[in-house]
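S.K.: sequence-free structure coming up:
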Ligand SMILES: CC(C)(COP(=O)(O)OP(=O)(O)OC[C@H]1O[C@@H](n2cnc3c(N)ncnc32)[C@H](O)[C@@H]1OP(=O)(O)O)[C@@H](O)C(=O)NCCC(=O)NCCS
């Protein structure tokens, strides 16, 4: 199933009331999804949590943690029916802008080596591979490495 992008996507802060919809999306697009508690904790911790609203429906979301002079993208997600329409790129660009507007000089994220779509998106946006974190993620076959990627802001 795909959805029609006939209204401009609107970026707005994530609210607690969005979490029912977020928790519908999350287990469909990840083998090891975040829990509702992970999103609750991120909101309570004051992380930069945003959703993309398309005509009143949450189509994507992400979570950015601001540290001292650096920002870490913890989650970047587009609902399966909205994928492939440029929303992931738009969301990433917005997080890069938000990170730039803070005092961050670098932005980091982790990605699974098997996640070719996300890796292409990040490389296209200028992120470079910094190192490999061995056995970082749980996976269906035990553990999977993470590639740590970074962008100079
Ligand atoms: C990764 C993700 C955020 C991309 O969002 P999207 O809206 O589908 O991506 P876009 O339409 O904006 O595409 C942007 C770029 O991503 C890459 N990309 C997206 N889908 C791809 C696919 N199926 N295969 C290869 N590259 C792909 C391409 O470089 C694409 O640019 P192009 O259209 O010029 O080729 C989305 O697929 C997603 O939520 N996946 C599941 C969750 C996830 O893996 N999140 C990232 C965790 S690190």
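M.R.: Great, that's in hand. Model, not experiment: these values are computed from the prediction.

S.K.: residues near residue 15, how many?
M.R.: Look at residue 15: counted by other Cβ atoms under 10 Å, it has 10 neighbours. Just so you know, the C-beta spots here come from the backbone N, C-alpha and C atoms, and that holds for glycine as well.

S.K.: actually residue 49, not the one I typed
M.R.: With other Cβ under 10 Å as criterion, residue 49 counts 21.

S.K.: identify the residue spatially nearest to it, adjacent ones excluded.
M.R.: Among residues not flanking residue 49 along the chain, residue 14 sits closest, at 3.9 Å (Cβ to Cβ, 6 or more residues apart in numbering).

S.K.: show me the shaky parts of the chain.
M.R.: Across the chain, the ranges flagged by pLDDT under 70 are 1-6.

S.K.: buried residues in stretch 64-83?
M.R.: For stretch 64-83, burial by neighbour count (16 or more other Cβ atoms under 10 Å) applies to 64-66, 70-79, 82-83.
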